[in-house]
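Enquirer: Provided below for reference: sequence and predicted model.
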4 protein chains.
Amino acid sequence: MSDVSVSLGANKYGKAENRVVRVVRDTARHEITDLNVTSQLRGAALVDSYLKGDNALVVATDTQKNTIFAFAKEHGIPSPEQFLLTLAEHFVRGFDWIEGGLWQAEQFEWERILVGGEPHDHSFVRKGQGTRLATVQVLDAATHVTGGIKDLIVLKSTGSEFSGFPRDKYTTLAETDDRVMATSVTARWRYLPEAVEVGIDYNRLYAEVQEVLLATFATVHSLALQQTLWEMGKATIEARPELAEVRFAMPNKHHFLYDLSPFGLDNPGEVFYAADRPYGLIEGTVVRDGVPPAPDAWLDVPTS
Amino acid sequence: MSDVSVSLGANKYGKAENRVVRVVRDTARHEITDLNVTSQLRGAALVDSYLKGDNALVVATDTQKNTIFAFAKEHGIPSPEQFLLTLAEHFVRGFDWIEGGLWQAEQFEWERILVGGEPHDHSFVRKGQGTRLATVQVLDAATHVTGGIKDLIVLKSTGSEFSGFPRDKYTTLAETDDRVMATSVTARWRYLPEAVEVGIDYNRLYAEVQEVLLATFATVHSLALQQTLWEMGKATIEARPELAEVRFAMPNKHHFLYDLSPFGLDNPGEVFYAADRPYGLIEGTVVRDGVPPAPDAWLDVPTS
Amino acid sequence: MSDVSVSLGANKYGKAENRVVRVVRDTARHEITDLNVTSQLRGAALVDSYLKGDNALVVATDTQKNTIFAFAKEHGIPSPEQFLLTLAEHFVRGFDWIEGGLWQAEQFEWERILVGGEPHDHSFVRKGQGTRLATVQVLDAATHVTGGIKDLIVLKSTGSEFSGFPRDKYTTLAETDDRVMATSVTARWRYLPEAVEVGIDYNRLYAEVQEVLLATFATVHSLALQQTLWEMGKATIEARPELAEVRFAMPNKHHFLYDLSPFGLDNPGEVFYAADRPYGLIEGTVVRDGVPPAPDAWLDVPTS
Amino acid sequence: MSDVSVSLGANKYGKAENRVVRVVRDTARHEITDLNVTSQLRGAALVDSYLKGDNALVVATDTQKNTIFAFAKEHGIPSPEQFLLTLAEHFVRGFDWIEGGLWQAEQFEWERILVGGEPHDHSFVRKGQGTRLATVQVLDAATHVTGGIKDLIVLKSTGSEFSGFPRDKYTTLAETDDRVMATSVTARWRYLPEAVEVGIDYNRLYAEVQEVLLATFATVHSLALQQTLWEMGKATIEARPELAEVRFAMPNKHHFLYDLSPFGLDNPGEVFYAADRPYGLIEGTVVRDGVPPAPDAWLDVPTS
């Protein structure tokens, strides 16, 4: 029918967005962990599932789902990173022909409801500040682990400038030495393989990184969102020796000064219109010097 | 062309979702208020804008938008309720033929970023627990005010039962004396007109109501989500004399015990699958006895 | 503990967003119907489920779900209206204490994939133009039925003006005799009870109403979105004698002329910026003269 | 303060989601093109905007926005691919230090409203079947162009099997020789650089590829979604010589047979529950043999 010949290129398959909630109820003081887990597998031998619909080697996506829920019982969820590592190891070691994959998790955090000032034993309210992220990538016999956060929405009402940019025929933007700067931070940090090997207190690191990100955003006098991003990444890597690099996506969520002059009113940085689209989109990676690059770690990992 | 004759029924028009951010910067310690405001007007005289496209009496939706932003400067935003009341008064008093309207606000709360344990002067992080709500309805010369909250997501990992329900041929649900109960609370409370008249500390009331809602959810041993709803409403009205009634919409966000028995594992309330759809949807209103009903207050106010 | 006494006001409960897909495969040429169904029940006797957590009369939301899926088999889904009527009748007649409820459906339409110009027997592509709506409300022994459509997005690139509106101190909008007008139509029409009684070809009516809405939007030279709304409602009621009234919510999805003058370019209605928020929001109802009003029909039915 | 030293890794910046609508009104029969355009720039010289907040070389994101809208007037929008190519060339040629970037577009399609069977001159309804995609990537002096489609939702009610997969201790899934198969196709195809050079009728190609994708989905008797993906890619590349490869992301939108046996009903493939999460997620690329790989083309291009 055709002289055209084609081959299968990059591929992976699995079960996405398994919403697993784990309750630890060994004592009256329950703990809960709430994850959204995606598991996808890769292997050269899977080619026939594409070319011929031969499923003899296809570990069913339903089986991947079952494994996630069973592992929540068998291994618990000490941290999203650790949970994904356990899953990855299971699939890669358990099936000869599975050479690797990508495992991703979102974690929704909960805090105890206060009753008369005391944290309740088994009642929780969703903490809305940011969603925790983790990935494990196994590719070419190497294992890469990242942590992260997204939807961490921050704003500073002063301490932000933007000026000195080039002007061409399409430039109309005025320079400013005082503006509102707001963004929704997505940050993903890659752990050094040797640190993963030794073991990391991922939960404590997450809490510390979140603190550093916020404090740096707060205290840097910003000449550009790019600069703020850089300083946030630098401070993060300085804070924790386990980190190889931090990748950011930071939308510039514009807050435009509303023009009140037609109404005889001045507006010295007081009334803003928060716009939806378009928005600035600043992306950058801060890398610890001397660390070998690992582009495989980021394969198919969403940028935001 | 046709013997059919038609008339204009219920109507209103305006500008929806004005995203106004107000910064108070009288001192180095800034305050920010972040609202999403909708303004809509009603009036019998507006009929010709529909029937003939005669705009002579149509206060433009663009004018309503300008007014919202100008008022943020002129009057400030002491609370969403107060801000909407000021807008309502302006439109109803300022234009003879505007007889009423519906004004709605969502408020996104921010908290100060901590730097070395100290709250920062002008850097903030979005607080994600619930979105504050307010409405002002002017209808038939009466003014109705509500406050509220939505997206307050709560979960209890025990202390919830569901049993004793009737069984018909379509009933398969097993009874349970221990389940996970989770919901996303939408609560809207109507203020007594006389309390609005006198003046209310809306912000303080909001904080207190949120605390009461959470504590009641936490402490009630639940036999049904309906019962939890009732107890939350009852406690709220008992807490604040300014409240006439509280209307709730509470989805039952099902957490199903994952069946681990095929893998030889038991699951004593430890591993759950958090489902999206379908979900239970429980709605109810708790009303202070002796208060005259005010269905007009709720006209076109979303139930969730 | 308190002198405050409270009572239960308006309430209902049930199972929301049951995603039922029905395949008719009596012949090789399959038919599919794809609904999102919500069922909620009301009854004075249910008060004890709220006050005491007594579930003796609570037809479980899980039972409501089972009934929906079972009825898709037992009764089929001739139309969303008819399917909801069958459900309503079942619950209200089948349980003494269930006095009424609200049943809602969204229908996602599919069309056959064309293969070599021929419609395929069992392969379909989702039709994206609008989502069909239906509701059945049973209240105080009366049954009310509505049909509808939402997310029908339309735009005209000329044939729309807006001028002659009043100007106050907050008015800055310029008058225009040629603009882009775009909206996402939500229309819900109430059927005359006597027409429901006799029986209606709901599917054919839906197709016809959609055609009338589109054609009227297209052909009316618009002086205001209000006027377009009115003409669309009028034409709809003139088209079908079964209709009592049509309720609309039509956001004015602003398309602003982009100011190209700084670049030495004119812009005679050619380049627009499509804004998200804020947006105009025009709502109105067109009512057939002589028809008794039925506010109960609309109780808790979303406006958009 | 620290011995840690860090460097800037991968980065880019720009303005995202510019919603530009272009009307061609040279005759009474208007044409409209509706795009969502993102422009991001890269260049080694931009490092100081990150490290020092030095904006001397930062072509402002606002300037990128202005350029997009101005170009819609100056150059028109013959196709999203062509429009992005013109933008890319402008930025890369116009500014010495801009070495490359990523430009992305979504196109929302509209069709003429029919009035009495005739397509209207200037009134349109949004076509909801799929969103058209395009990207232009400039990296290391090479230019890569892709087209695509997303949100093309398809379903077949029979002609789909899944069996023969391996069973381990976590496998519970039953084999099936008849199931509903539904997915939301995201496909992105890379154009051969030499074809881009010569010029391509992108709009005609898009229409043809959409037809091929749908027809192949319809006619392939599916043994696995992987196989369907492969056949869709193969047919696409066979259909158009300009295509180097096609990359797919296809969620398996599960339609589970509802268990009606407790109600004494059989369910021979008639009543399904359409689940939200989790879902299968099948990804794969089909590559024309003999074409050099171009991983740079896909850098930061979303997988779905």
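Expert: Sure, I can see it.
Enquirer: wait, doesn't residue A:47 sit right on residue A:9?
Expert: No: using C-beta atoms under 8 Å, residue A:47 is not in contact with residue A:9; the gap is 10.5 Å. Using the backbone N, CA and C atoms, a C-beta is placed for each residue, glycine as well.
Enquirer: List the contacts of the residue of the stretch 51-200 of chain A found nearest chain D.
Expert: When distances are taken as C-beta to the nearest C-beta, the stretch 51-200 of chain A reaches nearest to chain D at residue A:53, 2.7 Å away. By C-beta atoms under 8 Å, 6 or more residues apart in numbering or on different chains, the contact list for residue A:53 reads D:222-224, D:226-227.
Enquirer: buried ones in the top strand by length along chain A?
Expert: Ranked by residue count and defined by DSSP state E, the top strand of chain A is strand A:6-24. Using 16 or more other C-beta atoms under 10 Å in any protein chain shown as the test for burial, strand A:6-24 gives A:6, A:8, A:10-23.
Enquirer: Chain D next: which of those residues are close?
Expert: A:6, A:8, A:10-19 (C-beta under 8 Å from any C-beta of the partner chain).
Enquirer: residues in contact with residue A:91?
Expert: If a contact means C-beta under 8 Å, 6+ apart, then residue A:91 has A:39, A:41, A:59, A:64, A:67, A:98, A:101 as its contacts.
Enquirer: So which of those residues wins on neighbours?
Expert: With neighbours taken as other C-beta atoms under 10 Å in any protein chain shown, the top of these is residue A:39, carrying 30 neighbours.
Enquirer: is it true that it touches residue A:98?
Expert: No: using C-beta under 8 Å, residue A:39 makes no contact with residue A:98, being 10.9 Å away.
Enquirer: What are the boundaries of the helices in the stretch 101-250 of chain A?
Expert: Using DSSP state H, counting those that start in this stretch, the helices assigned to the stretch 101-250 of chain A run over residues A:193-198, A:202-219, A:225-239.
Enquirer: By neighbour count, sort out the buried ones in the contacts of residue A:53.
Expert: D:222-224, D:226-227.
Enquirer: Pick out whichever of those sits closest to chain B.
Expert: Nearest member of the buried ones among the contacts of residue A:53 to chain B, counting by C-beta to the nearest C-beta, is residue D:224, at 23.1 Å.
Enquirer: surely residue A:180 meets residue A:272?
Expert: Yes: at 5.7 Å, residue A:180 counts as touching residue A:272 under the criterion of C-beta under 8 Å.
Enquirer: list residues touching both of these two?
Expert: Common contact partners of residue A:180 and residue A:272 (C-beta under 8 Å, 6+ apart): A:255, B:21, B:23.
Enquirer: Adding pLDDT, distance to chain D and secondary structure as columns, could you present the contacts of residue A:91 in JSON lines?
Expert: Converted to JSON lines, the contacts of residue A:91 look like this (pLDDT from 0 to 100; distance: C-beta to the nearest C-beta, whole Å; DSSP: H, G, I helix; E, B strand; the rest coil):
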{"residue": "A:39", "pLDDT": "98", "distance to chain D": "9", "secondary structure": "strand"}
{"residue": "A:41", "pLDDT": "98", "distance to chain D": "11", "secondary structure": "strand"}
{"residue": "A:59", "pLDDT": "98", "distance to chain D": "6", "secondary structure": "coil"}
{"residue": "A:64", "pLDDT": "98", "distance to chain D": "8", "secondary structure": "helix"}
{"residue": "A:67", "pLDDT": "98", "distance to chain D": "5", "secondary structure": "helix"}
{"residue": "A:98", "pLDDT": "98", "distance to chain D": "11", "secondary structure": "coil"}
{"residue": "A:101", "pLDDT": "98", "distance to chain D": "11", "secondary structure": "strand"}
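Enquirer: Save those as a markdown table, and put in distance to chain B too.
Expert: Below are these laid out as a markdown table (distance: C-beta to the nearest C-beta, whole Å):
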| residue | distance to chain B |
| --- | --- |
| A:39 | 15 |
| A:41 | 19 |
| A:59 | 15 |
| A:64 | 14 |
| A:67 | 9 |
| A:98 | 19 |
| A:101 | 21 |
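Enquirer: Show me which positions of stretch A:280-291 end up buried.
Expert: A:280-288, A:291.
Enquirer: Tell me which of these fall in strands.
Expert: Assignment to strands by DSSP E places the following of these there: A:280-288.
Enquirer: Relative to residue C:241, which of these is nearest.
Expert: Closest approach between these and residue C:241, by C-beta to C-beta: residue A:281, at 54.2 Å.
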